[in-house]
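Chemist: following is a predicted model, sequence given first.
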Amino acid sequence: MENCIFCKILNKEIPSKFVYEDDICFAINDINPKAKKHILVIPKVHVESLNEVNDFELIKKMFEAVKKINKQENITHFKTLINTGAKAGQEVMHLHIHILSD
Ligand code: 5GP
Ligand code: ZN
């Protein structure tokens with residue numbers, strides 16, 4: 001999707017270190033971390049938000065990735081967050097799960 005920051009990161013148009021990648025999704029450190037560890041888990045397919053998800057296999061795969069990332073990063077306690085809609089604080093209109101941990 002044109003003019004989508006996360007699609008540009010996926011396509012390497014904007015450089016960003018991937019902390020995790022599989023067939024379905026990838027993960028990066030948040031540019032403006034709101035916790036000591038703040039990772040974003042992002043599907044490779046451009047889906048605007050949870051409101052546009054029809055096949056929840058995608059969400060299952062994303063949470064499987066969360067668990068793998070946490071193991072890799074030694075994260076044992078954490079919060080996950082999905083903002084849906086600008087009024088709820090969604091700034092990037094490409095679905096993502098926040099992982100927040102101290
Ligand atoms: P949202 O508010 O949409 O749920 O979360 C978007 C998140 O993406 C924010 O926490 C913001 O700091 C992060 N973000 C926005 N642009 C970039 C970027 O170019 N690189 C990285 N790594 N994170 C970004
Ligand atoms: Zn996108």
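Modeler: Now that the structure is in, tell me what you want to look at. Numbering: from 1, shown residues only. Ligands and ions are numbered 1, 2, ... in the order given.
Chemist: how about the most centrally placed residue in the chain, secondary structure?
Modeler: Geometric centre of the chain, nearest residue: V41, 2.3 Å, by C-alpha atoms, centre = their mean. Per DSSP: H, G, I helix; E, B strand; the rest coil, the local secondary structure of V41 is strand.
Chemist: list the beta-bridge partners for it.
Modeler: Beta bridges link V41 to A27, I97, judged by DSSP bridges.
Chemist: distance from the centroid: which residue in the protein tops it?
Modeler: Relative to the chain centroid, the chain (C-alpha atoms, centre = their mean) has K87 farthest, 19.0 Å.
Chemist: how about the strands in the protein?
Modeler: With strands called from DSSP state E, the chain shows them at 18-21, 25-29, 37-43, 79-81, 97-101.
Chemist: burial check on N3, number of neighbours?
Modeler: Look at N3: counted by other C-beta atoms under 10 Å, it has 7 neighbours. To be clear about C-beta, it is placed using only N, CA and C from the backbone, and glycine gets the same treatment.
Chemist: next: I75.
Modeler: When neighbours are counted by other C-beta under 10 Å, I75 registers 18.
Chemist: and for C25?
Modeler: C25 has 24 nearby residues by other C-beta under 10 Å.
Chemist: pretty sure the residue nearest to the centre of the chain sits against D30.
Modeler: No. With contact defined as C-beta atoms under 8 Å, V41 does not count as touching D30 (10.9 Å).
Chemist: if we can go back for a sec, looking at the residue nearest to the centre of the chain now. What's its pLDDT?
Modeler: V41 is assigned 99 on the pLDDT scale.
Chemist: list the residues that contact it.
Modeler: Going by C-beta atoms under 8 Å, 6 or more residues apart in numbering, V41 touches Y20, C25, F26, A27, M62, A65, V66, I69, H96, I97, I99.
Chemist: are any of those buried, and if so which?
Modeler: Among those, those classed as buried by 16 or more other C-beta atoms under 10 Å are Y20, C25, F26, A27, M62, A65, V66, I69, H96, I97, I99.
Chemist: state the distance from the second one to K36.
Modeler: Just to be clear, that refers to C25. C25 is 23 Å from K36, where distance means C-beta to C-beta, to the nearest Å.
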